[in-house]
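K.L.:
Give me coordinates for this.
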Amino acid sequence: MKNIKIENIVAYAVIADSLKVEDIVDKIQDFQYNPDEFFGATFKLDEPKTAVLILPSGKAVCTGAKNMEDIKTSIKKVTEKLNSAGIKVKTNPKIEIQNIIASTDIERELHLSSISAGLLLEKVNYEPEQFPGLIYNIDEIGALLLIFSSGKIVCTGAKNMEDIKKAIEMMKEKLSSIGAL
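P.N.:
Below you'll find the predicted structure:
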């Protein structure tokens with residue numbers, strides 16, 4: 001396992017007590033809004049390459065970021081745009097990470113049906129006709145690992161890099177203990 005790559009960070013900030021999404025899209029044309037499909041407005045940024053969802057609850061949800069700086073920049077750009085259009089929102093809201101999706105490669109082919117049999121059944125979901133990977137739940141971290149026969153592992157549900165590293169290391173140890181590595 002060479003390294004862990006962040007694929008996506010989802011974070012949110014409460015920028016107001018509530019927002020009228022219709023007012024936002026009336027005042028700012030850059031927001032995408034289709035109330036029949038989704039009750040929030042979406043603002044896509046080119047730099048950094050992210051999307052920020054503005055919800056009626058006053059939350060701004062940023063997705064697509066690869067690091068915390070991109071999240072801060074994205075939220076700041078959106079709050080500045082809203083304030084400049086006369087929509088009062090917090091200019092420096094507290095940002096909370098909701099989910100980090102990261103991946104790694106153990107650079108070894110894996111036999112998933114053998115691994116599934118060797119791991120605790122209540123934490124494993126392996127149905128190859130439904131999904132090509134093995135899903136392993138790490139309750140103590142709140143993370144899910146998606147393990148593929150190619151040796152690629154995707155971690156989702158963690159809120160920080162320490163938990164991602166811990167989850168992947170735990171899986172590596174489990175794979176070693178059942179003779180898969």
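K.L.:
next helix or strand past the helix or strand bottoming out on mean pLDDT in the chain?
P.N.:
Ranked by mean pLDDT, DSSP states H and E, the weakest helix or strand in the chain is helix 112-118, scoring a mean of 84. Next helix or strand after helix 112-118 toward the C-terminus (DSSP states H and E): strand 124-125.
K.L.:
Quick check: neighbours of the very next helix or strand once past that following strand in the sheet, parallel or antiparallel?
P.N.:
Using DSSP H and E, the helix or strand that follows strand 124-125 in sequence is strand 133-138. Paired with strand 133-138 in the same sheet, following DSSP bridges, are strand 124-125 (antiparallel), strand 143-148 (antiparallel).
K.L.:
Need the mean per-residue confidence for stretch 83-99.
P.N.:
Average pLDDT, stretch 83-99: 94.
K.L.:
thinking again about what came up before, what residues sit buried inside the least confident helix or strand of the chain?
P.N.:
Buried residues in helix 112-118, counted by 16 or more other Cβ atoms under 10 Å: Leu112, Ile115, Ser116. For the C-beta atoms, the positions are set from N, CA and C on the backbone; glycine is no exception.
K.L.:
domain assignment for the protein?
P.N.:
Using automatic domain parsing, the domains assigned to the chain come out as 9-98, 106-177.
K.L.:
need the least confident one among those domains, by mean pLDDT.
P.N.:
Sorting the domains of the chain by mean pLDDT places domain 106-177 lowest, at a mean of 89.
K.L.:
Can you identify each of the helices in this structure by residue range?
P.N.:
Assigned by DSSP state H, the helices in the chain fall at 21-27, 68-84, 112-118, 161-177.
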